[in-house]
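> sequence plus the predicted model coming up.
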Amino acid sequence: MANGGKAPAVADEAPWSDDLTDYDHAHFTTYARLLDAAAEGADDREIVRIVLAIDPLSEPDRAKRCLASHMKRARWMTEHGYEHLLRS
């Protein structure tokens with residue numbers, strides 16, 4: 001990673017587009033971690049704390065919004081985003 005091995009900061013909401021965004025390119029690993037954690041049945045609070053670096057106890061509304069937004073985008077990536085990667 002270009003920033004010394006640290007994951008890029010996560011926005012409160014993943015930007016939406018019908019095409020791949022710079023944010024998507026920067027957060028491929030985040031999306032994969034979210035999908036893996038969900039597939040393993042991890043608790044949402046644990047996912048938010050570990051993957052998105054948000055304290056779900058002190059910021060429950062932000063944590064829920066951020067997780068929902070990023071999971072929606074991660075799923076879009078698996079259903080549609082890969083097509084954009086193949087074309088590029």
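That came through fine.
> low-confidence ranges in the chain?
Under the criterion pLDDT under 70, the flagged ranges of the chain are 1-7, 82-88.
> show me the contact partners of the top helix by length along the chain.
For the chain, the longest helix by residue count, based on DSSP state H, is helix 60-76. Helix 60-76 has contacts (C-beta atoms under 8 Å, 6 or more residues apart in numbering) with 10-14, 16, 24, 27, 30-32, 34-35, 38, 44-45, 47-48, 52, 54-56. All C-beta spots, glycine's among them, are computed from the backbone N, C-alpha and C.
> hmm, which of those residues are the buried ones?
Among the contacts of helix 60-76, those classed as buried by neighbour count (16 or more other C-beta atoms under 10 Å) are 10, 14, 24, 27, 30-31, 34-35, 38, 45, 47-48, 52, 54, 56.
> quick check: the farthest pair among the residues you listed?
With C-beta to C-beta as the measure, no two of the buried ones among the contacts of helix 60-76 lie farther apart than 24 and 45, at 25.0 Å.
> re the thing from before, filter the buried ones among the contacts of helix 60-76 down to the ones in helices?
Using DSSP H, those in helices are 24, 30-31, 34-35, 38, 45, 47-48.
> can you put those in CSV and add distance to residue 63?
As requested, those are exported to CSV (distance: C-beta to C-beta, whole Å):
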residue, distance to residue 63
24, 21
30, 15
31, 17
34, 13
35, 18
38, 15
45, 7
47, 9
48, 4
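> dihedrals phi and psi, residue 11?
phi -70, psi 160 (degrees, to the nearest 10).
> that one reaches residue 24, doesn't it?
No: taking contacts as C-beta atoms under 8 Å, residue 11 lies outside contact range of residue 24: 11.6 Å.
> next, the buried residues of stretch 64-81.
66-67, 69-71, 73-74, 76-77, 81.
> would you turn these into CSV with distance to residue 20?
CSV is the format used below for the buried residues of stretch 64-81 (distance: C-beta to C-beta, whole Å):
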residue, distance to residue 20
66, 20
67, 21
69, 16
70, 15
71, 17
73, 11
74, 13
76, 10
77, 8
81, 6
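> all set, thanks.
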